[in-house]
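1. give me a model of this one.
(2 chains)
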Amino acid sequence: MTDRMREYITKDKGMLFIPFITAGDPDNESTIQIALMLQSVGANALELGIPYSDPLADGPVIQQASKRALSHGETLLDAMTLVKTMRRQGLKIPVIIFTYANVLLQFGVDVFFQQAKTVGVDGLLVPDLPYEESRLLADSCLKKDMSLISLVAPTTSKHRLSMICREAQGFIYCVSSLGVTGVRKKFHPDVFPFLRRVKKVCQIPIAVGFGISSFEQVEKLENNADGFIVGSAIVSLIGQCTKQLNDPATRSGAVDQIRRQICEKLMAPVN
Amino acid sequence: MVIKQPQLEKKYSTDKNGRYGIFGGRYVPETLMHAVLELEQGFKEAMDDPLFLNDYQRILHEYSGRPTPVTFCKRLSNQIGGARIFLKREDLNHTGAHKINNAVGQALLARRMGKKKIIAETGAGQHGVASATVAAYLGMPCKVFMGAVDVKRQSLNVFRMKLLGAEVVPVHSGNGTLKDAVNEVLRYWAANVEDTAYIDGSVVGPHPYPMIVRDFQRIIGDEARTQMIDKLGRLPDAAFACVGGGSNAMGLFTAFINDPVQLFGAEAGGIGIDTDAHAATLTKGSIGIVHGMKTYLLQDRNGQITEPYSISAGLDYPGIGPEHAYLCQSRRVTYEAITDDEAVDALIKLSKLEGILPALESAHGLALAMKKAKAMKPDQNILVCLSGRGDKDVHTILHVMDEKNGGDHR
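-> Residues are numbered from 1 along each chain as shown, chains lettered A, B, ... in the order given. Presented below is the predicted three-dimensional model:
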């Protein structure tokens, strides 16, 4: 684990806020500005998605983001360069690269770890690598002091849960609902017993993701989790102002608008 | 009547994580792991249950007309002037292709596992029609996911599926083609896994699907092997099949895998393998991960999956079954690309010389067989899996002939 992960991802900081954005959506400069803005509103880590042509675990909102980023040819290498620039411009929170297995495979796993370490990446999440397929990657992560983030779902059996949690690194990503990423009104009916089950066997912080878009939802999770991940809700705000983000003259105004909406929807009311 | 299937040699079966050599596996999100593990267990139990196997074989006999015959192509063989060509007539199945073998098996499996609804993906619509047919027969609701572009291209099959009572869900994500329909059906399955079974149409996807589809299709080769021995007193010298995902090919090859029979798979060469317009995954692709499996696929250097092309919609897939990848790497099977033109020529020849109109997919296998037959001796015998009939393709053929001959269809 990197020092950044040790400092920011802990159980004693209240609910950890872990936002997800897609690298290069809608362009590289916007991604940098949005990342810094997310840090300023209190993000404890950043999940940076690498666009992919066939994102199996993602709903329509993140699929669209992938499409926007791929339309100008965004690659994993571009995303790494982005992280480097973000660090230079003052990003202190841990960065977790979220990428589908094929993109990583074609980039080269060893090359990835070498470069990721240099630019300041702290962790890796590969949604289509379940426990059985991820052992090699987990070893490489440990060697580089990085964290391979594992997912668990309400349908994950007791046996799998303890197997996964025993070797989980950084934090454990609990999927709140079946299906794909995306904004939802309701969690899976068993989500609370599920989170309690995870908490029992898991030493590291647990964060809940999939379908989170409001402070009310976060409040409900508070007693059963250490953090929450917000993807589609933020990405759809970005999707609504791609034009303004693409234009350097209106970019910072658009980022500010996204900031206000995030604070309104996701942060505790001031009074 | 229960036919106990012969066991495969160990080197051709999978390890516990569903790998064929380095290929295959289960590259799916954790939200789907429970489902694929449950399915694997359910499949093992079903295949050990004589009542289940009996049901499967009875329905294929009474409902689909199995066993399908083997036909000797006398005039075609004479014209080519080499080995004698025999066809395994999967085109004579109910719904017109081999797809029904697998759809019956998987739908029965779904019912045995207590699932209430079935979902399927389809490209050209053949697997969608087969799934909708079996769903109607068993009285189960059925949703078929189909790329929005394919929905437009294959409007007749869309209508057929609706007529059979299925709901056709157009998929707008990605490019709106088969690969996107596969993504979408897996996404839907992940969200509805508790009461829904996914019927995979080919030997692709996460383990155990490549194994399940192969085992429900191997009836093709098991029958043909016996039929060839009955006819000739010996095995054929070579066997041929077309390969998109590769289900009819695995169905044929599996029976002969331990025999001294040369095996050939014909990939879609499209306009030509030196262009970008083909679906020749093994000839031109590279190793990667898509749709839950490690296999050969068509992709760019950043790992983005590229769109394949073939005149035959059923071969138009950017990946290939992981067992084919393994059989290619281990050189047990030879895979070659056949262009659109070669396939159309084979289709016309078979129609004129034998009175059999093959599907464009199957015509790829036949075209490769005709090429190889020429170099063989007249006392040698080759078997071709004629995986489907060409009625669905007449519009495409008409269009091609119009372009080539200016309206002369002779």
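2. going forward, measure contacts and count neighbours with C-alpha atoms only.
-> Noted.
3. what segments of chain A are strands?
-> Here chain A has its strands, by DSSP state E, at A:16-22, A:46-49, A:95-98, A:123-125, A:147-148, A:150-152, A:172-175, A:206-209, A:227-230.
4. now do the contacts for B:Thr281.
-> B:Glu267, B:Tyr296, B:Leu297, B:Leu298, B:Pro318, B:Gly319, B:Ile320 (C-alpha atoms under 8 Å, 6 or more residues apart in numbering or on different chains).
5. surely the first one touches B:Gly245?
-> This means B:Glu267. No: taking C-alpha atoms under 8 Å as the definition, B:Glu267 is not a contact partner of B:Gly245, at 9.7 Å.
6. the more surrounded of the two?
-> B:Glu267 (31 against 26; other C-alpha atoms under 10 Å in any protein chain shown).
7. what's that one in contact with, if anything?
-> By C-alpha under 8 Å, 6+ apart, the residues touching B:Glu267 are B:242-244, B:279-282, B:315, B:335-338, B:364.
8. quick one: contacts for the closest residue to it other than its chain neighbours?
-> Spatial nearest neighbour of B:Glu267, excluding adjacent residues (C-alpha to C-alpha, 6 or more residues apart in numbering or on different chains): B:Ala337 at 4.6 Å. Counting by C-alpha under 8 Å, 6+ apart, B:Ala337 touches B:Ala266, B:Glu267, B:Ala268, B:Gly269, B:Ile273, B:Ala280, B:Thr283.
9. ok, which of the strands of chain A comes nearest chain B?
-> Of all those, it is strand A:150-152 that lies closest to chain B, at 6.1 Å by C-alpha to the nearest C-alpha.
10. please name the strands paired to that closest one in the sheet, noting orientation.
-> strand A:172-175 (parallel) (DSSP bridges).
11. what mean pLDDT does the strand it pairs with get?
-> For strand A:172-175, mean pLDDT is 96.
12. ditto for stretch A:71-78
-> pLDDT averaged over stretch A:71-78 gives 98.
13. so what touches that stretch?
-> With contacts defined as C-alpha under 8 Å, 6+ apart, stretch A:71-78 is touched by A:Ala23, A:Gly24, A:Ile50, A:Pro51, A:Val103, A:Leu104, A:Phe107, B:Asn302.
14. what's the closest non-adjacent residue to the residue of chain B found nearest chain A?
-> Nearest to chain A, among the residues of chain B, is B:Ala191, at 3.5 Å (C-alpha to the nearest C-alpha). With sequence-adjacent residues excluded and distances taken as C-alpha to C-alpha, 6+ apart, B:Ala191 is closest to A:Gly179, at 3.5 Å.
15. ok, back up a step: and the contacts of stretch A:71-78, which is closest to B:Tyr209?
-> A:Val103 (23.4 Å; C-alpha to C-alpha).
16. possible to save the strands of chain A as TSV with distance to B:Gly42?
-> Below are those laid out as TSV (distance: least, C-alpha to C-alpha, whole Å):
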stretch	distance to B:Gly42
strand A:16-22	37
strand A:46-49	36
strand A:95-98	33
strand A:123-125	30
strand A:147-148	32
strand A:150-152	23
strand A:172-175	25
strand A:206-209	30
strand A:227-230	35
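17. could you dump those to a markdown table with mean neighbour count?
-> Output for the strands of chain A, formatted as a markdown table (neighbours: other C-alpha atoms under 10 Å in any protein chain shown):
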| stretch | mean neighbour count |
| --- | --- |
| strand A:16-22 | 25 |
| strand A:46-49 | 26 |
| strand A:95-98 | 25 |
| strand A:123-125 | 25 |
| strand A:147-148 | 26 |
| strand A:150-152 | 26 |
| strand A:172-175 | 24 |
| strand A:206-209 | 25 |
| strand A:227-230 | 24 |
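18. quick one on the thing from earlier: just the ones of the contacts of B:Ala337 in helices?
-> B:Thr283 (DSSP state H).
19. biggest separation within the contacts of B:Ala337, which pair?
-> Taking C-alpha to C-alpha, the two most distant members of the contacts of B:Ala337 are B:Ala266 and B:Ile273; they sit 12.8 Å apart.
20. and those two? Which one has more around it.
-> B:Ala266 (29 against 17).
21. check the residue of the stretch 101-250 of chain A at minimum distance from chain B and give its pLDDT.
-> Closest residue of the stretch 101-250 of chain A to chain B, C-alpha to the nearest C-alpha: A:Gly179 (3.5 Å). Listed pLDDT for A:Gly179 reads 81.
22. can you give me phi and psi for it?
-> phi 100, psi -140 (degrees, to the nearest 10).
23. these two touch, right, it and B:Glu184?
-> No: using C-alpha under 8 Å, A:Gly179 is not in contact with B:Glu184, being 10.6 Å away.
24. how near is the residue nearest to B:Ala191 to A:Ser134?
-> Using C-alpha to C-alpha, to the nearest Å, A:Gly179 is found at 21 Å from A:Ser134.
25. same question, A:Ile149
-> Computed as C-alpha to C-alpha, the A:Ile149 to A:Ser134 distance reads 10 Å.
26. more neighbours: those two, which one.
-> A:Ile149 (22 against 16).
27. wait, the more buried one sits on A:Leu129?
-> No: counting by C-alpha under 8 Å, A:Leu129 is not a contact partner of A:Ile149; they are 10.6 Å apart.
28. mind listing what's buried along stretch B:74-90?
-> Residues B:75-77, B:80-90 are the ones in stretch B:74-90 that count as buried (16 or more other C-alpha atoms under 10 Å in any protein chain shown).
29. which among those residues gets closest to A:Val208?
-> B:Glu90 (49.9 Å).
30. pretty sure that closest one contacts B:Ser362?
-> No: contact criterion C-alpha under 8 Å: B:Glu90 and B:Ser362 do not qualify, at 9.8 Å.
31. where does the residue nearest in space to the middle of chain B land on pLDDT?
-> Geometric centre of chain B, nearest residue: B:Ser247, 3.2 Å, by C-alpha atoms, centre = their mean. On pLDDT, B:Ser247 comes in at 98.
32. go on, the one 3 residues further on?
-> Reading off the confidence values, B:Met250 has pLDDT 98.
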